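J.: this is a predicted model, with the sequence first.
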Amino acid sequence: MCREIAAALRNSSVAALTTSTMFSLGTDAPTVRPSFTFRNPIAAGADPWIIRHGGYYYWCLSEKDLGVAVYRSSSLTSLGEKHVVWRAPARGPYSAQIWAPELHWLDGRWYIYLAASNGENETHRIVVLESGGDDPTQPFHFKSELYTGDDFAGRTNNRWAIDGTILELEGRRYLLWSGWADERDEQWLYIAPMANPWTLSAARVRVCANDDYLWERVGETRRGRGLNEGPQVLRRDGRVFVVYSCSGSWEATYKLGLLELAPSGDPLCPAAWRKHSDPVFQSKVSDACGVGHCSFTQSPDGAEDWMIFHSKVSPVHGWKRVIRAQPFSWSEEGRPHFGHLVRFPIARPSGDTRMPSTTQIPIMIESVRVERGANEASGEPVVAS
């Protein structure tokens, strides 16, 4: 039976075994030899970003809200070597609450997009860091603050912005992010074209409403405000998707939704985006709920598609989160199929020849993101096996 399960997980006829198929094995699924599997969570943290380049996986994470760390690993199931590549200044507009950094290789150089503030949430802006060379584990320097407001000519009243990511389409580059329309704490998805990796070239456009469906609202109630954040681009066979996070990140109801760009559609035209009516990934399991803020990569041999995401460790409101990885597949209609959160051991990514660890790794879970005046929670030890 173990061989049959391992063979199914390695079946190259699909991009990855669907998680719904995994669950059909039941919670009492037979144990597969450890050399074939790994177990989530793989690390403490939130808002995970991963990119594969030059035979390595590079993880980009906030360093205790006061900097950025890049990890280099030969496997997508472990962070690998840690390198703190930028530390926030002691004071000023970019000195605190460093959230959701992303590492991108653009125009022959590495850039990191992150959100930073002066310690007050309402001052969050998107900042660009630039590398000094072609090694992303070496120090980065401040390059610019992006203007994400509506007065593009005068550059007045820059607006709250977090979760910046890049979309490249038909020779043009765009920034997608989550922002406020004005001073009110209401998050929408925005997009704008880019002149270069550190400058936008036109005013922002709101992509869609943030409350089309009850499941997008905080608490999934009519009284809760709509909240969209964490946009991530996913492409396949010429189709362009944006997977976004919604509801409250501090709640068990946090989840993933899906937008799709119409064929040959203009990403700056809101009417070109179609929002799917149901969440594409969610979990309300007590110790693995509030799933969201994902990124995507492939197995070392390119045969499988994988999603990296975080989950809460408790349904209690707060930001104690861990990082998980699991494969996903594609539906017959050509949309991503993420299935369910997998709780038992998962087959290691196809082509991963790294020897598995035989020791338990202690994980300190911290509240990485502090929002809406909340205080940072203290660490809580958890063991990942």
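T.: Nice, I can see it. Numbering: from 1, shown residues only.
J.: name the nearest residue to the residue most central in space within the chain, sequence neighbours excluded.
T.: When the chain is reduced to its mean C-alpha position, the closest residue under Cα atoms, centre = their mean turns out to be Cys294, at 3.0 Å. Nearest residue to Cys294, sequence neighbours excluded (Cβ to Cβ, 6 or more residues apart in numbering): Phe309, at 4.0 Å. (C-beta placed from N, C-alpha, C; glycine too.)
J.: tell me the contacts of that neighbour?
T.: If a contact means Cβ atoms under 8 Å, 6 or more residues apart in numbering, then Phe309 has Pro48, Leu256, Phe281, Val291, Gly292, His293, Cys294, Ser295, Ile323, Arg324, Ala325 as its contacts.
J.: can you map out the strands along the stretch 1-150 of the chain?
T.: Counting by DSSP state E, counting those that start in this stretch, the stretch 1-150 of the chain has strands at residues 37-38, 43-44, 49-53, 56-62, 67-73, 81-87, 96-106, 109-117, 125-131, 140-145.
J.: partner strands of the fourth one, parallel or antiparallel?
T.: Strand 56-62 pairs in its sheet with strand 49-53 (antiparallel), strand 67-73 (antiparallel), by DSSP bridges.
J.: check which helix or strand covers Gln326.
T.: In this structure, Gln326 sits in strand 321-330 according to DSSP states H and E.
J.: poorly predicted segments of the stretch 251-385 of the chain, please.
T.: 355-385 (pLDDT under 70).
J.: try 80
T.: 353-385 (pLDDT under 80).
J.: pull the contacting residues for the residue nearest to the centre of the chain.
T.: Per Cβ under 8 Å, 6+ apart, neighbours of Cys294: Pro48, Gly230, Gln232, Val243, Ser245, Leu256, Phe281, Met307, Ile308, Phe309.
J.: ok, 7 Å please
T.: When contacts are counted by Cβ atoms under 7 Å, 6 or more residues apart in numbering, Cys294 touches Gln232, Val243, Leu256, Met307, Ile308, Phe309.
J.: hey, where'd the helices end up in the protein?
T.: With DSSP state H as the criterion, the chain has helices at 2-9, 19-23.
J.: any idea which of those scores lowest on pLDDT?
T.: Least confidently modelled of the helices of the chain is helix 19-23, at a mean of 30 by mean pLDDT.
J.: what about the residue nearest to Phe152 when sequence neighbours are not counted, how many residues nearby?
T.: Counting by Cβ to Cβ, 6+ apart, Ala203 is the residue found nearest to Phe152 once chain neighbours are left out, at 3.9 Å. By other Cβ atoms under 10 Å, 16 other residues sit near Ala203.
J.: what sits against the residue nearest to Leu66 when sequence neighbours are not counted?
T.: Closest residue to Leu66 apart from its sequence neighbours, by Cβ to Cβ, 6+ apart: Ala88 at 5.1 Å. Ala88 is in contact with Leu66, Gly67, Tyr94, Ser95, Ala96, Ile98, Ala116, counting by Cβ under 7 Å, 6+ apart.
J.: ok, of those residues, which come out buried?
T.: Buried members of those, scored by 16 or more other Cβ atoms under 10 Å, are Leu66, Gly67, Tyr94, Ser95, Ala96, Ile98, Ala116.
J.: per-residue confidence at the fifth one?
T.: Model confidence at Ala96, expressed as pLDDT, equals 98.
J.: list the residues that contact Phe281.
T.: Lys255, Leu256, Val291, Phe338.
J.: stretch 244-252: end-to-end distance?
T.: End-to-end distance for stretch 244-252, by Cα to Cα, to the nearest Å: 16 Å.
J.: returning to what we had before: from Leu227, how far out is the residue nearest to Cys294?
T.: Distance of Phe309 to Leu227, given as Cβ to Cβ, to the nearest Å: 17 Å.
J.: go on, Gly219?
T.: 10 Å.
J.: give me the common contacts of the two.
T.: Common neighbours of Gly219 and Leu227 (Cβ under 7 Å, 6+ apart) are Gly248.
J.: please say which of these two ends up with more neighbours.
T.: Set Gly219 next to Leu227 and count neighbours by other Cβ under 10 Å: Leu227 wins out with 23 against 15.
J.: now do the more buried one, the pLDDT please.
T.: 98.
J.: ok, now the one 10 residues further on?
T.: pLDDT, Asp237: 96.
J.: Pro315: which of the strands of the stretch 1-150 of the chain is closest?
T.: Closest of these to Pro315 is strand 43-44, at 18.2 Å (criterion: Cβ to Cβ).
J.: helices and strands around that closest one, which ones?
T.: Under the contact definition 3 or more Cβ pairs under 7 Å, 6 or more residues apart in numbering; DSSP states H and E, strand 43-44 sits against strand 321-330, strand 361-365.
J.: beta partners of the closest residue to Asp211 other than its chain neighbours?
T.: In space, and not counting its chain neighbours, Asp211 is closest to Gly226: 2.8 Å by Cβ to Cβ, 6+ apart. Applying DSSP bridges to Gly226 yields these beta-bridge partners: Arg217.
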